[in-house]
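Trainee: A predicted structure for the sequence below; I have some questions about it.
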Amino acid sequence: MKAVAAAPMIPISQSANPVAPKGGIASFFEMMKLKMVFHILITTFVGYYLGSKVEMAPALLWHTLFGTGVLAIGAFALNQAIEKEFDKLMERTRARPIPTERVGKTAAVVFGCLCFLVGTGYLWIYVNVLTAFLGGLTLVLYAAVYTPMKRMSSLNTLVGAIPGALPPLMGWTAAQDSIGMGGVILAAILFFWQLPHFLALALMYKDDYRLGGFKMLSVTDPSGEACFRHIIVQTLILILVSLFPFVFRLAGPWYLAIALIGGGYFMWAAISLSRRRDRDAARMLFFTSLAYLPVLLLAMAWDKAILFV
């Protein structure tokens, strides 16, 4: 599918507002990116709920969320430590705790590694080996593969979508101790959702990423044609994959209706961006994606119909 032809793309990068310096503890919490961790835990919760055969075990759920949260925090800390010098070059990131040295790089690395050990060990002891393996793999792929790849190839977005897709699968394996069709479907939804989501972000901060030396698709393809084409195609695939929970009886007709309505609006935002090609359209798609995912997952949990064994 080809993007609709339009006038040359207008530069859509915009300066970020600087963040005022904070104290040590506050800066450490800022480095943890707790808002993003919360969104990750929503996907983990839905995976656990859908994987639960009859009733959820509250203790096991807590152990799963705690271990997953610790690993997510560790991944973000290591990511920021690795990218310290590059973050200094970008207006959007230069006020973060590590570039401003409100948190030391060494401290962040030690903290991230400690989170890896604690989170993986905790899941291993209190949940199961499979979930611990997936959790450790998520951190390694994010920090050791995706992060350095951002300066090597525009394929980094595709690779980065893999660790982003694993938390709901971890919730599923925590409940079932196996990877079933339901877990694969949840991971697929998260995988394909991330592609238009992050490509929209890459368009919003195109000039910033260029300053930082990151080979995002929006930087390696200045015309934007590849970005617009991939956004349309991946959004279409996402809509199709979002129907699988109904097809495989993981959720019912109410979920199907919400998936179709939400997917239709998502596609409208994607097409609008391919036509307008400005920062406002990229921003609209980005925030549309942020609203779409939790609504879709919570609708799936609400309308759960049958569980896989």
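Mentor: Arrived safely.

Trainee: helix or strand: which one has Tyr265?
Mentor: Applying DSSP states H and E as the criterion places Tyr265 in helix 253-276.

Trainee: and Thr43, what does it touch?
Mentor: Pro167, Pro168, Gly171, Leu186, Leu190, Leu293, Leu297 (C-beta atoms under 8 Å, 6 or more residues apart in numbering). (Each C-beta comes from the backbone N, C-alpha and C, glycine too.)

Trainee: now for those residues, which pair is the farthest apart?
Mentor: Pairwise distances across the contacts of Thr43 (C-beta to C-beta) peak at 14.5 Å, for the pair Gly171 and Leu293.

Trainee: comparing those two, which residue is more hemmed in?
Mentor: Neighbour count, other C-beta atoms under 10 Å: between Gly171 and Leu293, Gly171 has more, with 30 against 21.

Trainee: do you have the strands of the stretch 201-309 of the chain handy? List them.
Mentor: Counting by DSSP state E, counting those that start in this stretch, one finds no strands in the stretch 201-309 of the chain.

Trainee: still on that earlier bit, list of residues touching the helix holding Tyr265?
Mentor: Helix 253-276 is contacted by residues 3-4, 6, 196, 200, 203, 228, 231-232, 235-236, 238-239, 242-243, 245-246, 281-282, 284-285, 288-289, 292, 295-296, 299-300, 302-303 when judged by C-beta under 8 Å, 6+ apart.

Trainee: now swap in stretch 233-248 and tell me
Mentor: Outside stretch 233-248, the residues that reach it (C-beta under 8 Å, 6+ apart) are 1, 181-182, 185, 188-189, 192-193, 195-196, 199, 250-253, 255-256, 259-260, 262-264, 266-267, 270, 296, 300, 308.

Trainee: for that stretch, what is the average pLDDT?
Mentor: For stretch 233-248, the mean pLDDT works out to 95.

Trainee: check which residues of that stretch are buried.
Mentor: Val233, Gln234, Thr235, Leu236, Leu238, Ile239, Val241, Ser242, Phe244, Pro245, Phe246 (16 or more other C-beta atoms under 10 Å).

Trainee: and the gap between the second one and Ala75?
Mentor: Right, Gln234. According to C-beta to C-beta, to the nearest Å, Gln234 and Ala75 sit 23 Å apart.

Trainee: okay if I get the contacts of Thr43 as a markdown table plus distance to Leu114, secondary structure and pLDDT?
Mentor: A markdown table is the format used below for the contacts of Thr43 (distance: C-beta to C-beta, whole Å; DSSP: H, G, I helix; E, B strand; the rest coil; pLDDT from 0 to 100):
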| residue | distance to Leu114 | secondary structure | pLDDT |
| --- | --- | --- | --- |
| Pro167 | 20 | helix | 96 |
| Pro168 | 25 | helix | 95 |
| Gly171 | 23 | helix | 96 |
| Leu186 | 29 | helix | 95 |
| Leu190 | 27 | helix | 96 |
| Leu293 | 30 | helix | 94 |
| Leu297 | 30 | helix | 92 |
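
Trainee: fine by me, thanks again.
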